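# Need the 3D shape of this:
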Amino acid sequence: MPEDLKQHETIIGVNNVDKDFVVGKNTIQALKSVNLNVKSTDFIILFGPSGCGKSTLFNIILGLDKPTKGDVTIRGTKIYDLDDDERAMFRAKKIGMIYQMPYWIKSLKVIENVALPLMVEGEKETEAIKHAQKMLSDIGIADLADQMPTQLSGGQQQKVGLARALVSNPWILMADEPTGNLDSVSGGEIMKIFRDLNQKYKRTILMVTHNEEYWDFGTRRIEIRDGSIVKDTNHG
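Below is the predicted model of the structure:
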């Protein structure tokens, strides 16, 4: 379980967030007065039609895209009060990220790719490798440690990506269409791991998905349309 997390603590606060984009002479309002409180035990499914603003909200919470108005607080830290370098370091230590397509350093083995975030943070290689090996074991893929990630199946690669996202023991796990390129069997396996991480290990998870088959895995479903949250349903 991530350090010092109380069961129902508010871990993320999105406060009156607007986001505007200027396209030519036009201003497009991607988000409109969005408010969202995320509890430490939440597994949130974000969904909505293309262009609704969910990816913009996702990137704002990640600290990648400064809002036009409003702020984001993560466990007491207003992340947009930090400069770019501070925010990048905060994100690296506190948020684990999984994308639809995992990105690898192709010359490194699985174990080395998983250990890399710890080495970037300054941990000694031997200790980083030890932590990475434990994380691979926890996910159930210790036998893949010495393989090259690009030689693995899509489902195996996504499990390795999950191990890499978790190796720094982040407070929050964020996933952007993590099953989008997987078959139904592999996708279901990934979703079961997410559910276990949330229910057994109390990980906070925010996930974007279009796949309605996976919505029931979350504890909350949040629908976004036209830049606003239109429905927030508990499903725990």
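# Quick check on the residue lying closest to Met207 once chain neighbours are set aside: phi, psi?
Ranked by CB to CB, 6 or more residues apart in numbering and with sequence neighbours excluded, the top spatial neighbour of Met207 is Ala175, at 4.3 Å. In short, each C-beta sits where N, CA and C put it, glycine included. Reported as degrees, to the nearest 10, the phi and psi values for Ala175 are phi -130, psi 130.
# got the contact list for Ala175?
Listed by CB atoms under 8 Å, 6 or more residues apart in numbering, the contact partners of Ala175 are Met97, Ile98, Phe194, Ile205, Leu206, Met207, Val208.
# again, only this time at 10 Å
45-46, 58, 96-100, 158, 161-162, 165, 190-191, 194, 205-209 (CB atoms under 10 Å, 6 or more residues apart in numbering).
# Distance check, it against Ile28.
26 Å (CB to CB, to the nearest Å).
# again with Leu152
Where Ile28 is concerned, Leu152 sits at a distance of 40 Å (CB to CB).
# neighbour-wise, which of these two wins?
Leu152 (18 against 11; other CB atoms under 10 Å).
# Can you give me the neighbour number for Gly227?
Neighbour tally, Gly227, other CB under 10 Å: 23.
# OK, contacts around it?
17-20, 28-34, 48, 51-54, 56-57.
# swap the cut-off to 7 Å and go again
Gln29, Ala30, Leu31, Lys32, Gly53 (CB atoms under 7 Å, 6 or more residues apart in numbering).
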